[in-house]
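> here's a sequence, model it:
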Amino acid sequence: MKDKAKRSLDCLVSALALLLTAPILLLIALWVRMDSKGPILFTQSRIGRDRRPFRVLKFRTMIDRTADAIDQHAEQVIASKSDPRITRSGRFLRGMSLDELPQLWNILRGDMSIVGPRPIVPEQLEVVPERFMSRFDVLPGLTGLAQVRGRRSLGWLQQLEADAEYVRRYGLLYDMGIIARTVVVVFSGSGVYGEAGQNWRAYRDALRAESNEQDYKEPGR
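Now for the predicted structure:
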């Protein structure tokens, strides 16, 4: 029952939001197009409910690069708004989370929900421990519990813990609370950028180092 109510709310809110923000979306699209060479939208493969892939939509905030050509394993973290990969319009759009608005269409299509764990890129699947796989039991969200608790300032496992907690507790009232807290987070501008030492690549490297050390201690294994 709560899944049907959640989906109904998603359809109603995303449709209304797309209608009401249409002039803003158009202005942003023109700004992105005039600010730097490249497409208005950035599309990328992400992992959704039941680990099914889908294409997420965002306004392009970085210099033009084909999403599927980016080596996610080697990509450097965007630690500040002065990163040269970010465009002028991108700095503002990222700061206000306006680059995520095209995902209203993903929500209306049923790829995503308003609230849920953020959709990860396929390369991140290898560093999701089994105890956190429940995060894929619900649709990924435009915002989520990890986002209102610190966004990119959280470590990788802290994000996954928040995702799993959301899956245990979600419901209409719980979601409404997260949406209200999201408004505060967006206008405070906190957690937009993260440190490399806390992200999934650092966790992956720590796991690999631990595995190599174990192989060294047990050469005959």
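> worst-scoring helix or strand of this protein, pLDDT-wise?
Ranked by mean pLDDT, DSSP states H and E, the helix or strand of the chain with the weakest confidence is helix 200-217, at a mean of 81.
> for that one, buried residues please.
By 16 or more other C-beta atoms under 10 Å, the buried positions in helix 200-217 come out as 200-204. C-betas here are computed from N, CA, C, even on glycine.
> quick one: contacts of it?
Residues from elsewhere that reach helix 200-217 (C-beta atoms under 8 Å, 6 or more residues apart in numbering): 73, 77, 124, 126-127, 155-157, 196, 221.
> do the same with stretch 42-59
So stretch 42-59 is contacted by 28-29, 32, 40-41, 60-62, 67-68, 93, 98-103, 105-106, 111-112, 119-122, 124-125, 136-140 (C-beta under 8 Å, 6+ apart).
> give me the subset of those that lies in strands.
In this view, those that belong to strands under DSSP state E are Leu41.
> any of the contacts of stretch 42-59 buried? List them.
Buried among the contacts of stretch 42-59 by 16+ other C-beta under 10 Å: 28, 32, 60-62, 93, 98-103, 106, 111-112, 119-121, 124, 136, 138-140.
> in helices, which of the residues you listed fall?
Those of these mapping onto helices are 28, 32, 93, 103, 106, per DSSP state H.
> present the residues you listed as a markdown table; the columns should include pLDDT and distance to Gly150.
Shown next, in a markdown table, are these (pLDDT from 0 to 100; distance: C-beta to C-beta, whole Å):
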| residue | pLDDT | distance to Gly150 |
| --- | --- | --- |
| Ile28 | 97 | 26 |
| Val32 | 96 | 28 |
| Leu93 | 94 | 20 |
| Gln103 | 97 | 20 |
| Asn106 | 98 | 24 |
